[in-house]
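**Student:** Just need the structure, nothing else, for what follows:
(2 chains)
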Protein chains: 2
Amino acid sequence: MELVDRLLKGDKRAAARLITLAENRSEEAVKALQLVHAHTGGAHIIGVTGPPGGGKSTVVDRLAKEFRKKDKTIGIIAVDPSSPFTGGALLGDRIRMSDLSLDENVFIRSMGTRGSLGGLARATGDTINFLDALGKDVIIVETVGAGQAEIDIVKVSHTVLIITVPGLGDDIQAIKAGMMEIGDIFVVNKADRGGAEKKAAEIEMMLDLNAKSNGWKPPVLQTNARDGDGIKELFESIIKHRQYLEKSDLLQEKLAEKAKTDIINILNEWVEDFCIGEFGGGELEGLVSKVIERELDPYTAADTILNKIKKDEQSCNIRGI
Amino acid sequence: MELVDRLLKGDKRAAARLITLAENRSEEAVKALQLVHAHTGGAHIIGVTGPPGGGKSTVVDRLAKEFRKKDKTIGIIAVDPSSPFTGGALLGDRIRMSDLSLDENVFIRSMGTRGSLGGLARATGDTINFLDALGKDVIIVETVGAGQAEIDIVKVSHTVLIITVPGLGDDIQAIKAGMMEIGDIFVVNKADRGGAEKKAAEIEMMLDLNAKSNGWKPPVLQTNARDGDGIKELFESIIKHRQYLEKSDLLQEKLAEKAKTDIINILNEWVEDFCIGEFGGGELEGLVSKVIERELDPYTAADTILNKIKKDEQSCNIRGI
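**Tutor:** I've put the predicted structure just below:
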């Protein structure tokens, strides 16, 4: 496949094209993903999330530059689960990154929900794989927002950064529950504001309560990314975490978790495709009518579709296979 | 089934018990849902969402009281996709509702993510059905947060309220994209703050840009829920929207959309169950290992599972059927 050959030779345009194909769920993308899979696994994947307004983009910007100083090539994927847009550099704060985007060793891509959340998670995973095959040493996945969708997207990364700021309200506090579990490194950004020490102490306390048994104690760092303060320490923490992953069984566990999630996302998206698109002859509409008329409950309807899937051995396979 | 008999007679304890069973994905819950389905469809389902800090709970509180004045019975489901907790009244701001929760014609339930987001959407749907069968006239589904998950949860409601406040930053503005599409009524709450007129005008402008072809022009209302200002107008708008739905084809469309979503959520959750729990004999682990070792790509692995589903005609059915 020509696009894949070009990708493996480091052609950025081929990568951009393949990512678009994956977003559009084309059969060509699936074929490409099958071909590139053997060439992936080399990149260190860093996930970045946290409440809105935490300065995530600025931190990512600074980190990318730090990696560039060490001659590492970078992929940045900015995911916005609440945006229907996708493709270019649509996120406003991405503009600040213009000096990075001129560096030809940096590949930046924004993604939004085109369809379902499952679709977005799957497309993000596909994009990681293409950038990995493109030869990027480090891939940073940044999500805008702080909900479960964002957590699901970054938690398959090798190193997860949770970025917050001093003095966010209670509404935001509640969001932290799911984040405490997935964070490998915590960052209190905009630490020049009052309350950074207090915030860091709160996080330390919550981490003590939720202590993991895997041997890694997540550090809580303070940064002021706009001025670059604390970025060097953050960079070193990431390197240290990577080394820890490699020495322990944790990397293997994370890879297994990611592979499982990938497989399930593919199956879920396939089910949606089958139900909405390919469950031909108006059969889904017939079931839906019966559910609305209270002749049939949705569980029995779902079971009917499942039986159809089982009987239809030939025609319904994962798209592109 | 005894619990269902009690539910249909209006027993709140039976409802609470059945909801817990549904959250735990028990087979009993599925049987109950099949039985109650014929007794549902009577309730008006109102979805409420919007950015954090918009005073959603206060608006819901006021609305519920307005419905109570008209002698309508109420169910309130407060969904927090970012919280791992579920069950009681865990959301802090729910405490303000204590006077409502003493009213025996009001049923209040909080829900968080126990497992996947798909699971939460399915469990919320199940809870709506149980409260509908319990005989509630109006069911209000409120979600905390503003991501795609929240949008997915409320968009199956008959009437969707989007609640915002003056002067939220740009980070929040981005979130509106998906919300503009699903909102039937827009509310600028805390309108006593400066900037309410401006915010309402902005929403009006965005609505003009995204004009729906379905004939309903979403009103943009201003409220100050804490003092009760504007709540009567909001209540009347909801009634007007309901009447509009009933006169037009829109209700039927919304019901079809909901039935479709229910069926797909059930299938997706089943796929996850099958992959993680029931795909026996360590086969999933075997596939995962091969994916990690780059011997197999995840698409081919997913297809392997799909083929297994197809062949295993006997044992893998929707749980409880």
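**Student:** tell me the angle of the one helix or strand A:Leu267 maps to relative to helix B:250-273?
**Tutor:** In this structure, A:Leu267 sits in helix A:250-273 according to DSSP states H and E. Following axes from the mean of the first three to the mean of the last three CA atoms, to 10 degrees, one obtains 140 degrees for the angle between helix A:250-273 and helix B:250-273.
**Student:** Could you pull out the buried residues of helix A:250-273?
**Tutor:** Neighbour-count burial for helix A:250-273, counted by 16 or more other CB atoms under 10 Å in any protein chain shown, picks out A:250-251, A:254-256, A:258-273. Every residue, glycine included, has its C-beta placed from N, CA and C.
**Student:** And it, what does it pack against?
**Tutor:** Packed against helix A:250-273 by the contact rule (3 or more CB pairs under 8 Å, 6 or more residues apart in numbering or on different chains; DSSP states H and E) you find helix A:117-133, helix A:231-247, helix B:250-273, helix B:283-292, helix B:298-311.
**Student:** Now do the same for the residue lying closest to A:Leu131 once chain neighbours are set aside: its pLDDT.
**Tutor:** Residue nearest to A:Leu131 in three dimensions, not counting chain neighbours: A:Gly75, with 3.6 Å by CB to CB, 6 or more residues apart in numbering or on different chains. A:Gly75 carries a pLDDT value of 95.
**Student:** Please report phi then psi for A:Gly75.
**Tutor:** Reported as degrees, to the nearest 10, the phi and psi values for A:Gly75 are phi -120, psi 140.
**Student:** Chain B versus that one, what's the distance?
**Tutor:** Noted for A:Gly75: a distance of 19 Å to chain B, by CB to the nearest CB, to the nearest Å.
**Student:** who are the neighbours in contact with A:Lys254?
**Tutor:** A:Lys254 sits next to A:156-158, A:245 when contact means CB atoms under 8 Å, 6 or more residues apart in numbering or on different chains.
**Student:** one more time with 6 Å, if that's ok
**Tutor:** Going by CB atoms under 6 Å, 6 or more residues apart in numbering or on different chains, A:Lys254 touches A:His158.
**Student:** A:Lys290 and A:Asp99, how far apart?
**Tutor:** 59 Å (CB to CB, to the nearest Å).
**Student:** out of the two, which sits in the more crowded spot?
**Tutor:** Neighbour tally, A:Lys290 and A:Asp99, criterion other CB atoms under 10 Å in any protein chain shown: the higher count belongs to A:Lys290, 17 against 10.
**Student:** Verify the contact between the more buried one and A:Pro298 for me.
**Tutor:** No: using CB atoms under 6 Å, A:Lys290 is not in contact with A:Pro298; the gap is 9.9 Å.
**Student:** coming back round to it: how about the helix holding A:Leu267 as CSV, C-alpha atoms only?
**Tutor:** This file holds the C-alpha atoms of helix A:250-273, laid out as CSV (Å, rounded to 0.1, in the frame of the first residue of the first chain):
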residue,chain,number,x,y,z
LEU,A,250,3.9,-1.9,34.7
LEU,A,251,4.7,-1.2,31.0
GLN,A,252,3.5,-4.7,30.1
GLU,A,253,0.3,-4.2,32.1
LYS,A,254,-0.3,-0.8,30.4
LEU,A,255,0.2,-2.3,27.0
ALA,A,256,-2.2,-5.1,27.7
GLU,A,257,-4.8,-2.7,29.0
LYS,A,258,-4.4,-0.6,25.8
ALA,A,259,-4.6,-3.6,23.5
LYS,A,260,-7.8,-4.8,25.3
THR,A,261,-9.3,-1.3,25.0
ASP,A,262,-8.4,-1.1,21.3
ILE,A,263,-10.1,-4.4,20.6
ILE,A,264,-13.3,-3.5,22.5
ASN,A,265,-13.5,-0.1,20.9
ILE,A,266,-13.3,-1.7,17.5
LEU,A,267,-16.0,-4.2,18.3
ASN,A,268,-18.3,-1.5,19.8
GLU,A,269,-17.9,0.7,16.8
TRP,A,270,-18.6,-2.3,14.6
VAL,A,271,-21.8,-3.1,16.5
GLU,A,272,-23.0,0.5,15.9
ASP,A,273,-22.1,0.3,12.3
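**Student:** any idea of the mean pLDDT for it?
**Tutor:** If you average the pLDDT over helix A:250-273, you get 84.
**Student:** Okay, angle between that helix and helix B:117-133 too, please.
**Tutor:** Using the same axes, to 10 degrees: helix A:250-273 against helix B:117-133 is 50 degrees.
**Student:** relative to helix A:298-311, how tilted is helix A:250-273?
**Tutor:** Interaxial angle of helix A:250-273 relative to helix A:298-311 (the same axes, to 10 degrees): 100 degrees.
**Student:** Pull up the gap between the residue lying closest to A:Leu245 once chain neighbours are set aside and A:Asn214, please.
**Tutor:** Excluding the flanking residues, the one nearest A:Leu245 by CB to CB, 6+ apart is A:Leu251, at 4.1 Å. A:Leu251 sits 11 Å away from A:Asn214, taking CB to CB as the criterion.
**Student:** Quickly check: stretch A:17-36 near chain B or not.
**Tutor:** Yes: judged by CB under 6 Å from any CB of the partner chain, stretch A:17-36 and chain B are in contact via A:30, A:34.
**Student:** could you give me the average pLDDT of that stretch?
**Tutor:** Average pLDDT, stretch A:17-36: 90.
**Student:** First residue to last residue on that stretch, what's the distance there?
**Tutor:** Start and end residues of stretch A:17-36 are separated by 14 Å (CA to CA, to the nearest Å).
**Student:** Now find how far off-centre that stretch is within its chain.
**Tutor:** 17 Å (CA atoms, centre = their mean, to the nearest Å).
**Student:** Report the buried residues of that stretch.
**Tutor:** Across stretch A:17-36, burial judged by 16+ other CB under 10 Å covers A:17-19, A:21-23, A:25, A:28-36.
**Student:** can you check stretch A:35-54 too?
**Tutor:** For stretch A:35-54, burial by neighbour count (16+ other CB under 10 Å) applies to A:35-37, A:39-40, A:43-54.
**Student:** Now intersect those with the helices, please.
**Tutor:** Within those, residues falling in helices by DSSP state H are A:35-36.
**Student:** which strands and helices sit next to the helix or strand encompassing A:Leu33?
**Tutor:** Take DSSP H and E as the rule and A:Leu33 turns out to sit in helix A:27-36. Applying 3 or more CB pairs under 6 Å, 6 or more residues apart in numbering or on different chains; DSSP states H and E, we find helix A:27-36 packed against helix A:2-8, helix A:12-23.
**Student:** try 10 Å
**Tutor:** Other elements packing on helix A:27-36 under the criterion 3 or more CB pairs under 10 Å, 6 or more residues apart in numbering or on different chains; DSSP states H and E are helix A:2-8, helix A:12-23, helix A:117-133, helix A:250-273, helix B:298-311.
**Student:** can I get these in TSV with distance to B:Ala200?
**Tutor:** Shown next, in TSV, are the helices and strands packed on helix A:27-36 (distance: least, CB to CB, whole Å):
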stretch	distance to B:Ala200
helix A:2-8	48
helix A:12-23	35
helix A:117-133	30
helix A:250-273	36
helix B:298-311	47
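**Student:** out of those, which comes closest to A:Asn224?
**Tutor:** Ranking the helices and strands packed on helix A:27-36 by proximity to A:Asn224 (CB to CB) places helix A:117-133 first, at 28.9 Å.
**Student:** tell me the angle the closest one makes with helix A:12-23.
**Tutor:** Going by the same axes, to 10 degrees, helix A:117-133 makes 160 degrees with helix A:12-23.
**Student:** Figure out how far helix A:117-133 is from the centre of its chain.
**Tutor:** With CA atoms, centre = their mean, you get 7 Å for helix A:117-133.
**Student:** average pLDDT across that helix?
**Tutor:** Mean pLDDT, helix A:117-133: 86.
**Student:** Much appreciated, bye for now.
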